[in-house]
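J.: Kindly return the folded structure for what I paste below:
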Amino acid sequence: MQIFWVEIHKLKYKEFFREITKLEKQVIVFTPNPEILLKTRTDKEFKWLLEKANYLTSDGIGLYLAYQILNNNFWRFLNTILLPYFLFNLFFRRSYLYKKYGERICGSDLTRDLIDFACISWTKIVILDLYNPTDTKKVESQKVFSDRLKVKFPKLDFDYYVFNPEKKDKIIETIKQSDAKILFSTLGMKAQEQSVVEIMERCENIKLWLGVWSSFDYFIWFQKRAPKFWRILWLEWLYRLLTWPRKLTRFKRLWNAIFIFIFTVIKNKK
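T.: The predicted model follows:
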């Protein structure tokens, strides 16, 4: 299904997971959400980076609203009137949406499953983290990252790097010489996709490449993820809004990811 001329793949999670964990060839996985797709409208380089991926998965309930809007012949006004029905499908006909558009594959859930896989199969992973010395909370979390991850996953074999641009070549060379097979980039929107595409050509030993935003922050207790009940209802975004310390920033992002995104999809529907 295309959203803003970006092709999101229709996937069944078990089949998809089985395929990417073969680790036979280099595979890129990105998990675009509404915020990412909105950015591709004005940033063609970002769109080009996303198109380098072997798999683009559906991450975010807004995508399933967009799929329903785009996959009909109704004109714009009628699509607006039908939004309550589309929302009803989100919460009460999820299996129908999954069958028609593919299953939702959340970056955090995928990250956790891949870590479990790496522990069981003794597969070494690499984690790239954002270099931002002005963010004191981020710097503090990076100091304890490795220790906390080892406590959480004692069998996990991993290398962890704060991706300082001045040390980039040295870090890449170290990755190239390692026996790691999976790389997670957590540098944030666009930066993580850039890092994956750039490093991939130089590190043939890495077979699976992923951009996963802040997924690891949940594992080291730097951020608290929404309880499972909220996630089942697809209300994780609401939980974040209610608990996020910088609620204004979070509200602006949610406004763009839900309202501006859906308005833009309806407006640009042919």
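J.: Quick check: E103 touching D59?
T.: No: here E103 does not reach D59: they are 10.9 Å apart, not a contact under CB atoms under 8 Å. For glycine as for every other residue, the C-beta is placed from the backbone atoms N, C-alpha and C.
J.: The two: which is more packed in?
T.: D59 (23 against 18; other CB atoms under 10 Å).
J.: Distance of that one relative to K190?
T.: Between D59 and K190 the distance, using CB to CB, to the nearest Å, works out to 15 Å.
J.: what does A257 give?
T.: In this structure, A257 and K190 are 16 Å apart, going by CB to CB.
J.: So if I had to pick from those two, which one is more boxed in?
T.: Legend: neighbour count by other CB under 10 Å for A257 and K190, higher for A257 (20 against 17).
J.: Please identify the helix or strand for V29.
T.: When elements are assigned from DSSP states H and E, V29 belongs to strand 27-30.
J.: Touching that strand from outside, list them.
T.: Counting by CB atoms under 8 Å, 6 or more residues apart in numbering, the neighbours of strand 27-30 from elsewhere in the structure are 19-20, 50, 52-57, 110, 193, 196-197, 200, 207-211.
J.: so where's this structure shaky on pLDDT?
T.: Across the chain, residues meeting the criterion (pLDDT under 70) sit at 221-251, 270.
J.: residues making contact with the helix or strand harbouring L128?
T.: The secondary structure element spanning L128 is strand 125-129 (assigned by DSSP H and E). Residues from elsewhere that reach strand 125-129 (CB under 8 Å, 6+ apart): 114-115, 118, 142, 145, 156-163, 171, 175, 178, 180-187, 192, 195, 206, 216.
J.: just the strands in the stretch 151-270 of the chain please.
T.: For the stretch 151-270 of the chain, strands defined by DSSP state E, counting those that start in this stretch occupy the ranges 158-162, 182-186, 208-211.
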